[in-house]
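Colleague: how would this look folded up:
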Amino acid sequence: MKFSIGGSLKLAFRPWVEGLENIPAEGPAILASNHLSFSDSFFLPAVLDRKVTFIAKAEYFTSPGVKGKLTAAFFKGVGQLPVDRSGARGAGEAAIKSGIEVIERGELFGIYPEGTRSPDGRLYRGKPGGLARVALATGAPVIPVAMIDTEKIQPPGKVVPKLMRPGIRIGKPLDFSRYQGMDGDRFILRSVTDEVMYEIMKLSGQEYVDIYATAAKRQIADAEKAAKAAKDSAKDSAKADKGDKGDKGDKGEQGVGGAE
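Modeller: Below is the predicted model:
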């Protein structure tokens, strides 16, 4: 199924790729990528000869009905691994455990250090949990990856993708084996994560923002909510002003009639 999906994507979108030689022909590695679109998890595996396993919400695999079964089959076919994300800490631990298991099988593990899609195309601060802990627990090399223009193909909320060429840049492997076994040190975890994010930034050319993407999404949502409230308030004020003018007009007409 991976072959058919990957072949269809390559035929329809013709993604360009740089740095394929940095993907090992065999053995484990962690592919750490920026995250611009829902389609990132499909385009990257499509251009590789090896299977890449990503983490996906368990709900994608357990939805009822025919649609649910088709969705589950699709995600399994493109190498998605179901993880129960109920509870923030439980979700993180489950993802780390799954990542370690993939690496121990000698396979490629794909992860998005930002933790969620970028809300505006910029690169956000990497979370120091999954990526660094899997790398330090296993000693596997980390390969930085930059997805290019995938957010233009399928922006958040858009169902039908736009036919255009996305790009993928694959950097040289980063070796963090010197820190192996130090996955309990939060300063080491932050240092490893920041180094990977710096390499992704160089590959992608994105503007870097030193806050988490989840915080940026909250800020954007709050700003939109405030703008809507201001707009609604302005409408209410305009209606009130119009009503006041109407009342004054009615009183004026009554006054003229009384004079006659």
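Colleague: next, count neighbours for the residue nearest to Glu104 when sequence neighbours are not counted.
Modeller: Closest residue to Glu104 apart from its sequence neighbours, by Cβ to Cβ, 6 or more residues apart in numbering: Thr138 at 6.9 Å. Glycine gets a C-beta too; all of them are placed from N, C-alpha and C. With neighbours defined by other Cβ atoms under 10 Å, the count for Thr138 comes to 22.
Colleague: repeat that for Pro173.
Modeller: The local packing of Pro173 (other Cβ under 10 Å) involves 15 other residues.
Colleague: would you confirm that it contacts Pro141?
Modeller: Yes. If you go by Cβ atoms under 8 Å, Pro173 and Pro141 touch, sitting 3.8 Å apart.
Colleague: what score does the nearest residue to Pro128 once chain neighbours are set aside have for pLDDT?
Modeller: Distances taken as Cβ to Cβ, 6+ apart place Leu189 nearest to Pro128, at 4.0 Å, with adjacent residues excluded. Looking at Leu189, its pLDDT is 96.
Colleague: could you list every residue that touches Leu189?
Modeller: Neighbouring residues of Leu189 by Cβ atoms under 8 Å, 6 or more residues apart in numbering: Pro128, Gly129, Ala132, Arg133, Leu136, Asp183.
Colleague: would you agree the fifth one is in contact with Arg178?
Modeller: No. The pair Leu136 and Arg178 does not pass the contact test of Cβ under 8 Å, sitting 9.8 Å apart.
Colleague: neighbour-wise, which of the two wins?
Modeller: Per other Cβ under 10 Å, whichever of Leu136 and Arg178 has more neighbours is Leu136, with 22 against 9.
Colleague: let me see the ranges of the strands in the stretch 101-250 of the chain.
Modeller: 108-111, 123-124, 142-148, 167-170, 208-209 (DSSP state E, counting those that start in this stretch).
Colleague: from these, which stretch is densest packed?
Modeller: strand 108-111 (a mean of 27; mean count of other Cβ atoms under 10 Å).
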